[in-house]
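Peer 1: Sequence and predicted model, in that order:
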Number of protein chains: 2
Amino acid sequence: MSQSTTSDIKTYMNTVGKQARVSSRALAAANTSIKNAALMAIYDELVKSKQDILSANKIDMDNGTKNNLDAALLDRLELNNARFDGMLQGLKDVSTLPDPIGEVTDMTYQPSGIHLGKMRVPLGVVGMIYESRPNVTLEAASLALKSGNAIILRGGSEAFESNQAIAKCIHQGLKNAKLPEHSVQVLQTTDRAAVGELITMTDYVDVIVPRGGKGLIERISRDAKVPVIKHLDGNCHTFIDRDAEAKIAIDVSVNAKTHRYGTCNTMETLLVDEAIAETLLPQIAEAIVAADEAMQLRLDEKSQAILNNNTKLSGHLSAATDADWDTEYLAPILAIKIVSGLDEAIEHINTHGSHHTDVIITDNYSKSQRFIREVDSASVMINASSRFADGFEYGLGAEIGISTDKIHARGPVGLQGLTSQKWIVYGHGETRT
Amino acid sequence: MSQSTTSDIKTYMNTVGKQARVSSRALAAANTSIKNAALMAIYDELVKSKQDILSANKIDMDNGTKNNLDAALLDRLELNNARFDGMLQGLKDVSTLPDPIGEVTDMTYQPSGIHLGKMRVPLGVVGMIYESRPNVTLEAASLALKSGNAIILRGGSEAFESNQAIAKCIHQGLKNAKLPEHSVQVLQTTDRAAVGELITMTDYVDVIVPRGGKGLIERISRDAKVPVIKHLDGNCHTFIDRDAEAKIAIDVSVNAKTHRYGTCNTMETLLVDEAIAETLLPQIAEAIVAADEAMQLRLDEKSQAILNNNTKLSGHLSAATDADWDTEYLAPILAIKIVSGLDEAIEHINTHGSHHTDVIITDNYSKSQRFIREVDSASVMINASSRFADGFEYGLGAEIGISTDKIHARGPVGLQGLTSQKWIVYGHGETRT
C-alpha cells in the first residue's frame, strides 16, 4: 500500500479490522473438516510456490545484508530447504490436532430446570506482532485457523517480502477451501503507526500476541487497549533440596542450564540447600562447566567459600551482585546461591523470579508438595528439567506463545489459549421467579 | 489517613499494594478449613458489631441526605435489619461453596516421562472498585478469601463509614483465624488519585473488577494497566422464531422484559420472525403491556404496521430510531423489530448486541443449534428467559461480577473467575534431549 499520512494508516487498519471481524464469523461457524481442508489447501499452495517464497526470502536476505543486520538476525530470517520443510511439517501437525471448538463441558440441570453448560468458542480476531522469523507467519496463521479465529499478522520489516509471499499462498488456499481470504491478513505496510492502531482497535481485535524482545513487548503492553497475552522474561530457577538424589540434581541442572541458552525455559539461577551444598554443589558446578567451557558461574558469598578453591572451576567464577538474581542471561552464565532450606528457596523464587518455570529437586514428599503449591509460577516442576516447559513437550502440538501472565492463559499457549467459553442454556420455557 | 498530596497517595497505595502481595502468599498456602474458619470468624464479628455498623451506616445516610443524593442512591446505600441479615447469609453461603483452589486436571504422562497437569491457584491480589452498596464490601471480601486471593476494596465515598465499620469486623475475624489482616484492605481514602494508582500497580495487583455505571467502567478500562474483568452493558435480545411454541414465546418474553428493569440480563430488544409476526406479535405485545402499564414499545416499520391499530396497545407505542437497537434501557421500554428469519436475527444480535445474553425461542432443532453456535455472546439460550444469566441461577453461589469480555472470564464470574491454573510437572529425573 502507499502510505503517506497517519490518517491513511488509520483508514487502512480500520478496513483490515472490519474484514477480520467479518471473516471471524464465518470461521466460527466453519466445521472441523472445512478448517482442516483449508490448512491442507494452504499446504498445497506452499508446495507449488516454494521457489517464489525462497526467492522472496533471498530479497529479504540481500536487503538485510545491505542494511548490516547482525548475523543472529540474518540467521533467523533465512528460509532454506530444511526450514521450508519444517514449516510444512508444522502446518500438517496443526491440521492433525484435535479441534478445540465446540467442546461442551459441565452441562448440568439447575434447580430452575434449565440445562446449563459451557461451550468452547473462538476468541474472534487475534492480532500478532513479531520479529524476523518468517515461519512464524505460517505457524500463527495455522493455529488461528484451526481454533476458528481470524488473524492479523504484523511481521518484522526485514521479513516483509517473505511474509507477503507466504501470505499469497495462504489466501489462495483459503479461497480454494471457500473460507474468507481475509481470515488471515498480513499487513501490507511496515509503518509503525499500524501497530499503534492494531493494539487499540478494541472493536475489531480480541487479543494481541506479541513475540520478540522484552522492549517490544513492554512497549506493546503499555500502549495496548486490546488484552495482551504476553511473555516478558524467563528467569527460571532450580532448587536443590537437601533430600535431592545426587544424580538427578546433577543431570537436571546440567540439562536445564546447558541444553540451550537462548530459550526462556533455561535455568538462570541455581539455589542449593546449605545442608548439602558442601558435598553436592561442587559436583553440579563441575558438571555444568564440563558441559561448556565458556560457562561463567556467579556466586553468592557462601558458594564462593565452597567453590573458590576448586581448581576445575578456575577461570569460571566471579562474585554475584544483587542484579544477578533478577537477570535472564540467555547465555552461558549461571547465578548460584546457597539458601537455608525450602522456605528461603520459595521466598527467593517468588521475589526474584519471573513466574515462568521453577524446579525443585527432592525426594521428600512434603517439601515437593509445598513447592508445587507455594511457588507462584506458570510451570512448577519436581525432579525434571525446566527445559520441558514448552508447547510441544506439553503435548499442545504447537504454541502461539508462552504467557507469564495469570489472566486467561498461563505458560505455553496452544490452541486452547486462543479460545473462550460461552455459557449455553437449553430451556423448556423456564421463566425466573 | 490524612491526604494532602499526590505523592502521599502514591506512598499510601504502594504500602497497601505491598501488604496485599505479602498477604496473598499466606492465603495461597492456606487450606480450606482455615479459609472457612476465617469467614465464620468474620461472621461472628459482624454479629457482635451489628449496632456499630448500622450506626456507621446512619452517618452515611445522614450525609447522603445532606448532600442531596437521589432516592435510588440512598436506597442502595441503606443497611437495615433485613439487608444486614442478607449480608450475613451471603457470607455463610460463600463459606459452604466448594474451594476451587488445588483442583488438578488433565494430569497425564507425556512421551518424555514427565507427569503433567494443571493446578487451580489464586490469581493473587484483586482490586475492586464499586459504588454505593456497602454489602458489596463483604461479598467481594468473602469471595476473594474463599478463592485464596488478597483484595483491595475501594467503595463509594458515600458509603465510607459503613465500609470502614465492616472492614473492622473483617480485620478482627482474620486476626482471630490467624490469617493476615491485610488480606482484605478497604482504602482509607476517598481521593480519586488512589483509584489511578490501584489500576496501574501491575506489580501488586493481578486483576481489577469494577462495578458501577458504564462511565466508571469505561474510564477504568481506558486507564488501567492491570487486566480488568469488566461488564459494560447488557443489551439482551429474545428472538421469536417461526417455529416457536406460542406459550413459551409469550411467557419468556414477559419474564425477560418485566421481571426486573434495572438488571443487565433484562431483554431490551425483541426480534420476531416475519412468518409468525402477524399472529404472535400482538399476543406478546399485549401480554407485556398487561404486565406493566408503564411499558413503552418502540417499533420498527413492519411491527408498526401490525400493532399500530391495536387498541389494547394505544398509548404504549412509538417509532423506533436507529439508536434504539443499540440501547440498554434499564426501564420499562422495549424495542421491537421484525426480521426475515434466523440469519437476520443472528446478524442483528452480533452487530447491535453487547455480547451479554441472547435467547432464541424455537422448537426447531437445526435453528436452535445454529443460534447456540453462531451468536457471539457470553450466554446463549434456547427457550429460557435471559433473566437466568446470573451467578446464583448458574449455581456459582455468588458472583463478583458479570463479564462481557471474552478473555479470562465470560458471563457471570464466581470463585473460578478469581483463579488461574498453573502447570505442574512431576518428574523422575527427566532431562530434555
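Peer 2: Structure's in. What do you need?

Peer 1: who's in contact with the spatially closest residue to A:Asp273 that is not a sequence neighbour?
Peer 2: Spatial nearest neighbour of A:Asp273, chain neighbours left out: A:Arg242 (4.3 Å); criterion: CB to CB, 6 or more residues apart in numbering or on different chains. Using the backbone N, CA and C atoms, a C-beta is placed for each residue, glycine as well. For A:Arg242, the contact set (CB atoms under 8 Å, 6 or more residues apart in numbering or on different chains) comprises A:Asp273, A:Ala275, A:Ile276, A:Gly341.

Peer 1: isn't A:Ser142 right up against A:Leu97?
Peer 2: No - using CB atoms under 8 Å, A:Ser142 makes no contact with A:Leu97, being 9.5 Å away.

Peer 1: Determine which member of these two has the greater number of neighbouring residues.
Peer 2: Set A:Ser142 next to A:Leu97 and count neighbours by other CB atoms under 10 Å in any protein chain shown: A:Ser142 wins out with 27 against 18.

Peer 1: sec struct for that one, please.
Peer 2: helix (DSSP: H, G, I helix; E, B strand; the rest coil).

Peer 1: go on, the one 10 residues further on?
Peer 2: For A:Ile152, the assignment made with three-state DSSP gives strand.

Peer 1: Give me the pLDDT value at it.
Peer 2: Looking at A:Ile152, its pLDDT reads 98.

Peer 1: residue ranges for the helices of the stretch 151-300 of chain A, please.
Peer 2: Secondary structure of the stretch 151-300 of chain A (DSSP state H, counting those that start in this stretch): helices located at A:160-176, A:192-198, A:214-223, A:246-258, A:274-291.

Peer 1: Mind putting these into CSV with distance to B:Thr419, mean pLDDT and mean neighbour count?
Peer 2: Below are the helices of the stretch 151-300 of chain A laid out as CSV (distance: least, CB to CB, whole Å; pLDDT from 0 to 100; neighbours: other CB atoms under 10 Å in any protein chain shown):
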stretch, distance to B:Thr419, mean pLDDT, mean neighbour count
helix A:160-176, 37, 98, 22
helix A:192-198, 30, 95, 19
helix A:214-223, 22, 90, 15
helix A:246-258, 28, 98, 23
helix A:274-291, 35, 98, 18
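
Peer 1: Ok, which of these comes nearest chain B?
Peer 2: Among the helices of the stretch 151-300 of chain A, helix A:246-258 comes nearest to chain B, with 3.5 Å by CB to the nearest CB.

Peer 1: any idea of the angle the closest one forms with helix A:274-291?
Peer 2: 50 degrees (axes from the mean of the first three to the mean of the last three CA atoms, to 10 degrees).

Peer 1: separation between the residue nearest to A:Asp273 and A:Leu280?
Peer 2: Per CB to CB, to the nearest Å, A:Arg242 is found 9 Å from A:Leu280.

Peer 1: ok, now A:Ala256?
Peer 2: Counting by CB to CB, the gap from A:Ala256 to A:Leu280 is 15 Å.

Peer 1: How about A:Gly429?
Peer 2: Distance, A:Gly429 to A:Leu280, by CB to CB: 69 Å.

Peer 1: Out of the helices of the stretch 151-300 of chain A, the one nearest B:Gly127 is which?
Peer 2: helix A:214-223 (17.8 Å; CB to CB).

Peer 1: which secondary structure elements does that closest one contact?
Peer 2: Helices and strands touching helix A:214-223, by 3 or more CB pairs under 8 Å, 6 or more residues apart in numbering or on different chains; DSSP states H and E, are strand A:207-210.

Peer 1: packing partners for the strand it packs on?
Peer 2: Secondary-structure packing of strand A:207-210 (3+ CB pairs under 8 Å, 6+ apart): strand A:125-129, helix A:214-223.

Peer 1: among those, which is nearest A:Lys58?
Peer 2: The nearest among those, by CB to CB, is strand A:125-129 at 24.6 Å.

Peer 1: So what's the gap between the closest one and the chain middle?
Peer 2: Relative to its parent chain, strand A:125-129 has a centroid offset of 14 Å by CA atoms, centre = their mean, to the nearest Å.

Peer 1: Which strands or helices does it pack on?
Peer 2: Counting contacts by 3+ CB pairs under 8 Å, 6+ apart, strand A:125-129 is packed against helix A:6-29, helix A:135-146, strand A:150-154, helix A:192-198, strand A:207-210.

Peer 1: out of those, nearest to B:Phe371?
Peer 2: Closest to B:Phe371 of the helices and strands packed on strand A:125-129, according to CB to CB: helix A:6-29, at 11.4 Å.

Peer 1: average pLDDT for stretch A:111-119?
Peer 2: What stretch A:111-119 shows for mean pLDDT is 97.

Peer 1: CA atoms only for that stretch, dumped as PDB, please.
Peer 2: Presented in PDB, the C-alpha positions along stretch A:111-119 are these (Å, rounded to 0.1, in the frame of the first residue of the first chain):
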ATOM      1  CA  PRO A 111     -32.900 -26.200  40.100                       C
ATOM      2  CA  SER A 112     -34.800 -23.900  37.800                       C
ATOM      3  CA  GLY A 113     -35.000 -26.700  35.200                       C
ATOM      4  CA  ILE A 114     -32.600 -25.100  32.700                       C
ATOM      5  CA  HIS A 115     -29.800 -27.300  31.300                       C
ATOM      6  CA  LEU A 116     -26.600 -25.300  31.700                       C
ATOM      7  CA  GLY A 117     -23.100 -25.800  30.200                       C
ATOM      8  CA  LYS A 118     -20.100 -24.200  28.700                       C
ATOM      9  CA  MET A 119     -19.200 -24.300  25.100                       C
END
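
Peer 1: How far away from the center of its chain is that stretch?
Peer 2: Put simply, stretch A:111-119 sits 35 Å off its chain's centre (CA atoms, centre = their mean).
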